[in-house]
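>>> Take this sequence and fold it.
(chains A and B)
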Amino acid sequence: MSDYFINEKDFGDFLKRLVRARNVLGPKAKRGHFVFGRIENPEDLRLDYDVTILPPKKAFFPTCQDLVRFDGDQVSGCIDPVDQVLFGVHFYDVKAIDMTDLLFAERGEDRNYTANRQAATIVASSIQSVSPRAFWGSVGKEVEPKGHDAFLTKVARGYVYQSRTPKGSALLELGKFRKAEATELEAARKADEAVKKKCPETLKYGAAEVAKKVRAAFPDEKLWERLSERCFSCGSCNLVCPTCYCFDVQDHWNVDQRSGARTRYWDACLTSEFSKVSLGAGNSENFRESRGERFRHRILRKASYLNEKLGGPACVGCGRCAAACTADIADPVKTIREVMEAAS
Amino acid sequence: MKRHCSCGVSSMAVHGESGGRDAGANLFLPRKAVILRVEQPTTMERHFTLRLADETPLDFEPGQILEVGLMGYGEIPLGLASSPTRRNTFDIVVRSVGRVSQAINRLQPGDSLLIRGPLGKGFDLAMFRGHSVLVVAGGIGLCPTRSLIQYILDRREEFQRFTLFYGARDPQQQLFLKDLAEWRGSKTVEYFETVDKGDPGWRGNVGVITILFPKVKIDPGTKVVVCGPPIMFKFVIRELAKLGIPHEDIFVDLERRMKCGVGKCGHCQINDKYVCTDGPVFSFAEIKTLEEAL
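Numbering: from 1, shown residues only, chains lettered A, B, ... in the order given. Below you'll find the predicted structure:
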């Protein structure tokens, strides 16, 4: 695929045509924050966003999604993907999407996710503003962002559009793109390099070292209890995480009391009921009963358990968990620093 | 405006009509099974004998699991409680604990329910063939192990000594009463049983399951299967250590909250393993370094 340039003025026209031609989801402002939402008016698209409240995974793995529907005795699947263009995804979220792509496809492909994913076009974009809790400049450097169809970088007087796939190139006909010049590509490369140094937070340690030490710290119950002392078990850190993909499944009936659906909902391993099993006669067994156990599970899942599979940590440094945590204890940079210091 | 679900919460705005692209199997689509027989061994448990509605045999290994459910209620993970050697039917035992299990336990012969599976990894029979086998089952741990017990009894010549320990809370909690009667007098299985608490009619052993170990000699090289309530594993494994059974020869059949059964939803995770796909049967050697396993 090839590299293109579009100037500022033509970019506006391109967006106008794009939102008319396709379903576009992109960052827009909402009550002082940013969210990924349907873009019907190009003026709503805020490529200068820092981070969105929820990650864009919701486009493929919605907060609630019917898996199976029923009507009387009839049971049917309801995989029904729609074309959508995710426009303006930052590289850390691209990395996270690539991880959930792998996790939903391995060991039995979950078409309820992969069908949505395959129907989507992802246009990544350069980071123009940095969120206060971001640490994407230092975490998981060994994991390359991939799986996106094009990458858009703001440079002087316009945008460089690097198409990576036929889906990425298919959007070119909607705008006055021309082949990018070497100087423009160099400017794009420099802009992307430069922004990575602007993160307010830095993880000082390498992924392999972290994975090993955090795993080894498992038996240090006191450490995990201390780190999670103020945890409300609310699961906010899970819900805003772009690489969390746990879910609960619940059935419900429609008002006709004849039809209904089996639906999955985002779930959170920090909540107290997550690993609880009923044994009957009012007895139950909770396999992660304490806050410390649950907090530890999340950190190990991000920093160790999945590393081999993903080629690096299951954390992309978006900082959403740090910002969402009421008690402000979820920040992986702070937590990992404490674990590493306790281990040394 | 299209919604991904009908729960009323507006999800990501996705628009337009599509369809016809439901390619590939949906992991969550269940199959119908018809109830042939129902027995109620205890006040809490019902034992169902089922057949797939399309009358094809269910192809599974002993130790594998099913997600069993009813639309509008939900699904629960259950170990298959019969052996694949009994090809035309399969058994499950359901304990009434919540909404789904209570709804299933109201069903009668002729009714049907929905299953997904077989799921997960069962017993690696190649490891057991040609060896002596000891099964240690506590409480409803007898249900999933019955798939292996029946298998061994049906192909008895493929195995050496076969010993079975069964512990129940009290005589009223014993399951598979017909099987127990058969095993008590059987020469093909050395069967030992105990109850935690006896009653006036009980003449057998009283005490936790580990009291059965001194009653029989376990040969070195015996393959051991352990399944029961979480508390039981530690004590049984301690006894096995005394006998010098290597960790590779001990197999545990674990229970967790397996919501999806296909290694995605995260509920059944022990450290980095998913019980529903990496298990539910694990060798002790495989999980002894996993702090969350036992």
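>>> Now the terminal residues of stretch A:132-149, how far apart.
Its first and final residues considered, stretch A:132-149 spans 28 Å by Cα to Cα, to the nearest Å.
>>> can you check stretch A:77-89 too?
Across stretch A:77-89, the straight-line distance between its terminal residues is 30 Å, by Cα to Cα.
>>> buried set for that stretch?
Judged by neighbour count using 16 or more other Cβ atoms under 10 Å in any protein chain shown, the buried positions of stretch A:77-89 are A:77-82, A:84-89. Where you see a C-beta, it was placed from the backbone N, CA and C, and this is true even at glycine.
>>> Likewise for stretch A:210-226?
Neighbour-count burial for stretch A:210-226, counted by 16+ other Cβ under 10 Å, picks out A:210-211, A:213-214, A:217-218, A:220, A:223-225.
>>> do stretch B:179-188 as well
B:179-180, B:183.
>>> Dump those residues to TSV, plus secondary structure and pLDDT.
Shown next, in TSV, are the buried residues of stretch B:179-188 (DSSP: H, G, I helix; E, B strand; the rest coil; pLDDT from 0 to 100):
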residue	secondary structure	pLDDT
B:Asp179	helix	96
B:Leu180	helix	97
B:Trp183	helix	97
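>>> now the residue of chain A positioned farthest from its centre: how far from chain B?
Note on chain A: the largest C-alpha distance from the chain mean falls to A:Ala281, namely 40.7 Å (Cα atoms, centre = their mean). Counting by Cβ to the nearest Cβ, to the nearest Å, the separation of A:Ala281 from chain B is 7 Å.
>>> Nearest residue to that residue in space, please, no chain neighbours.
If you skip the residues right next to it in sequence, A:Ala281 has B:Met44 as its closest partner in space, 7.0 Å away by Cβ to Cβ, 6 or more residues apart in numbering or on different chains.
>>> With A:Ile127 instead?
By the measure of Cβ to Cβ, 6+ apart, the closest residue to A:Ile127 outside its immediate chain neighbours is A:Val195, 4.8 Å from it.
>>> need the contact list for the residue lying closest to A:Asp149 once chain neighbours are set aside.
Once flanking residues are discounted, A:Asp149 sits nearest to A:Gly168: 3.5 Å by Cβ to Cβ, 6+ apart. For A:Gly168, the contacting residues are A:1, A:121, A:123, A:148-150, taking Cβ atoms under 8 Å, 6 or more residues apart in numbering or on different chains as the criterion.
>>> Doesn't A:Gly168 lie inside a helix?
Yes - judged by DSSP: H, G, I helix; E, B strand; the rest coil, A:Gly168 forms part of a helix.
>>> how is chain A carved up into domains?
By the record's domain assignment, chain A is partitioned as A:3-196, A:207-343 (automatic domain parsing).
>>> and stretch A:41-52, C-alpha only, in PDB?
Taking C-alpha atoms only, stretch A:41-52 is exported to PDB below (Å, rounded to 0.1, in the frame of the first residue of the first chain):
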ATOM      1  CA  ASN A  41     -21.200  16.000  11.200                       C
ATOM      2  CA  PRO A  42     -17.500  16.300  10.400                       C
ATOM      3  CA  GLU A  43     -17.300  19.300  12.800                       C
ATOM      4  CA  ASP A  44     -18.000  16.900  15.700                       C
ATOM      5  CA  LEU A  45     -14.800  14.900  14.900                       C
ATOM      6  CA  ARG A  46     -12.200  15.800  17.400                       C
ATOM      7  CA  LEU A  47      -8.800  14.500  16.200                       C
ATOM      8  CA  ASP A  48      -7.200  16.700  18.900                       C
ATOM      9  CA  TYR A  49      -8.700  14.500  21.700                       C
ATOM     10  CA  ASP A  50      -6.400  13.100  24.400                       C
ATOM     11  CA  VAL A  51      -8.200   9.900  25.300                       C
ATOM     12  CA  THR A  52     -11.800   8.600  25.200                       C
END
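>>> Could you point out which of the buried residues of stretch B:179-188 is nearest to A:Phe61?
Nearest to A:Phe61 among the buried residues of stretch B:179-188, counting by Cβ to Cβ, is B:Asp179 at 44.7 Å.
>>> In terms of helices and strands, where is the closest residue to that closest one other than its chain neighbours?
On the basis of Cβ to Cβ, 6+ apart, the spatially nearest residue to B:Asp179 that is not a chain neighbour turns out to be B:Arg146, at 7.3 Å. In the assignment (DSSP states H and E), B:Arg146 maps to helix B:142-154.
>>> circling back to that earlier point, in which helix or strand would I find the residue nearest to A:Ile127?
The secondary structure element spanning A:Val195 is helix A:182-196 (assigned by DSSP H and E).
>>> Over that helix, what's the mean pLDDT, rounded is fine.
With pLDDT averaged residue by residue, helix A:182-196 scores 94.
>>> Need the CA coordinates for that helix. CSV is fine.
What follows is the C-alpha trace of helix A:182-196 in CSV, where atoms were taken according to Å, rounded to 0.1, in the frame of the first residue of the first chain:
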residue,chain,number,x,y,z
ALA,A,182,9.5,12.3,1.2
THR,A,183,9.6,15.5,3.3
GLU,A,184,6.0,15.1,4.4
LEU,A,185,6.6,11.5,5.4
GLU,A,186,9.7,12.5,7.3
ALA,A,187,7.6,15.2,9.1
ALA,A,188,4.9,12.6,10.0
ARG,A,189,7.6,10.2,11.3
LYS,A,190,9.1,13.0,13.4
ALA,A,191,5.7,14.0,14.8
ASP,A,192,4.9,10.5,15.9
GLU,A,193,8.4,10.1,17.5
ALA,A,194,8.1,13.4,19.3
VAL,A,195,4.7,12.8,20.9
LYS,A,196,5.9,9.5,22.4
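>>> Which other helices and strands does the very next helix or strand once past that helix contact?
Later in the chain than helix A:182-196, the nearest helix or strand by DSSP H and E is helix A:207-216. The contact analysis (3 or more Cβ pairs under 8 Å, 6 or more residues apart in numbering or on different chains; DSSP states H and E) places helix A:207-216 against helix A:291-300, helix A:307-310, helix A:332-343.
>>> Deepest-packed of those, please.
Comparing the helices and strands packed on helix A:207-216 by mean neighbour count (mean count of other Cβ atoms under 10 Å in any protein chain shown), helix A:291-300 comes out on top with a mean of 22.
>>> quick one, that one and helix A:332-343 angle?
Relative orientation of helix A:291-300 versus helix A:332-343 (axes from the mean of the first three to the mean of the last three Cα atoms, to 10 degrees): 110 degrees.
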